[in-house]
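Asks: sequence first, then the predicted structure, then my questions.
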Amino acid sequence: MQPTHNDEHPHVPGPSIWPAGFAVGVVVLLVGLIVSWYVVGLGALIALAFGFLWVRDLTTGSSLTEAPAVAPEGGRSESATGAAIPADRGEAAAVPGDRYPRSKFLELSTLGLGGVIGGLVSAPAIGFMVAPAFLKQGVKDHDIGPITDYPEGKFVVATYMSDANQGEVSRRTAFVRNNGQLNGQPSFTIISNHCAHLGCPVQPNGPLDTPNGKQYHDVSLIPTISIAGFGCPCHGGQYDTEGNRTSGPPVRALDRYSFSIRNGNLFVGKPYSVSHVDGAGSGAKIHKWTLAFPGEHVNGIESWLYPIQPPH
């Protein structure tokens, strides 16, 4: 027995996978904002590709497999032989529909309005995630005095204000050691006093020669008598004289500052992070990284948790 065709329930194409693919692309893009810019690009490509296919399906439309016949008022339309006349022929022909039926128009309007609302809601949040929180936060070189004020082989505690307009809040402390000559040029080690655990002020493990301290403009210079490294009074972190972590909770070595020599004076430059230091003094090999906040790993698997550094 042949199955009868139900004209009242024409076949309709199944659901499309394009919306699901578009949603996956958006999710990958949002995750990429936390993980990596490469993942952001991948998510954007997936979302654009599936979004294009989705919109293409909606705009081209999909016709029914077979349109039902339209019967006249007197009853079912049939030919002289008694067979039903197809809906696209004869007097019973259906009026051709619009290219964009009302259902498609409503669907597109709903999606478009939803997209606009989603963009308006998402744009501020994404902007705060990817845009710099502060502008023009560059670090300026600071003159911390003649190089003759730094005896070779000894640390000097230099305290200064990085921006006098901001007052005491911009006060910085660095541990400066003159390493002598390297390839005919002065070599210095300049270590930050911010603990690599939570940023507490690190102190020299040894006495200071306070009576022989000097003042150069806004810079206070206090030489050390002897030190056995540096220690953090907050949580017990300990570092050697090169800033390497020796014990306690810090996750890496102490940060350092770049430097330059101008007209016989020492200038402190931009800070950078250090994973560890091999060797000592002018012959040390410094494993440097982009400046990271205290408590953040800069190498190894743990550094994957901190892929994007906000402005410093």
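Replies: Looks like it came in fine.

Asks: not counting sequence-adjacent ones, nearest residue to residue 108?
Replies: Of all residues not flanking residue 108 in the chain, residue 58 sits nearest, at 5.7 Å (Cβ to Cβ, 6 or more residues apart in numbering). The C-beta positions use only the backbone N, C-alpha and C, and glycine is treated the same way.

Asks: do the same with residue 46
Replies: Nearest to residue 46 is residue 25, by Cβ to Cβ, 6+ apart, at 3.3 Å.

Asks: quick one: contacts of the strand or helix carrying the one you found?
Replies: Element membership of residue 25 [criterion: DSSP states H and E] is helix 18-35. Helix 18-35 is contacted from outside by 38-51, 53-54, 57, 126, 129-130, 307-308, using Cβ atoms under 8 Å, 6 or more residues apart in numbering.

Asks: filter those residues down to the buried ones, PyMOL style.
Replies: To isolate the buried members of the contacts of helix 18-35 in PyMOL, using 16 or more other Cβ atoms under 10 Å:
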select buried, resi 39+40+42+43+46+47+50+51+53+54
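
Asks: filter the contacts of helix 18-35 down to the ones in helices?
Replies: 38-51, 53-54, 57, 126, 129-130 (DSSP state H).

Asks: burial of the residue nearest to residue 108, as a residue count?
Replies: The burial count assigned to residue 58 is 16, neighbours taken as other Cβ atoms under 10 Å.

Asks: that one against residue 107, yeah?
Replies: Yes - between residue 58 and residue 107 there is a contact under Cβ atoms under 8 Å: 6.5 Å.

Asks: all strands for the chain, in order.
Replies: Remark: strands assigned in the chain by DSSP state E are 142-146, 155-161, 171-182, 185-192, 203-204, 214-216, 219-223, 230-231, 238-239, 245-247, 256-262, 265-278, 285-289.

Asks: report the buried residues of stretch 203-218.
Replies: So for stretch 203-218, counting by 16+ other Cβ under 10 Å, buried means 203-205, 208, 216.

Asks: next: stretch 21-28.
Replies: Result for stretch 21-28 [16+ other Cβ under 10 Å]: buried residues 21-22, 25-26, 28.

Asks: follow-up on the earlier one: format the strands of the chain as TSV; extra columns: mean pLDDT and distance to residue 103.
Replies: Output for these, formatted as TSV (pLDDT from 0 to 100; distance: least, Cβ to Cβ, whole Å):
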stretch	mean pLDDT	distance to residue 103
strand 142-146	93	69
strand 155-161	94	69
strand 171-182	93	67
strand 185-192	94	65
strand 203-204	94	74
strand 214-216	91	80
strand 219-223	94	76
strand 230-231	96	73
strand 238-239	96	70
strand 245-247	95	66
strand 256-262	94	65
strand 265-278	94	59
strand 285-289	94	57
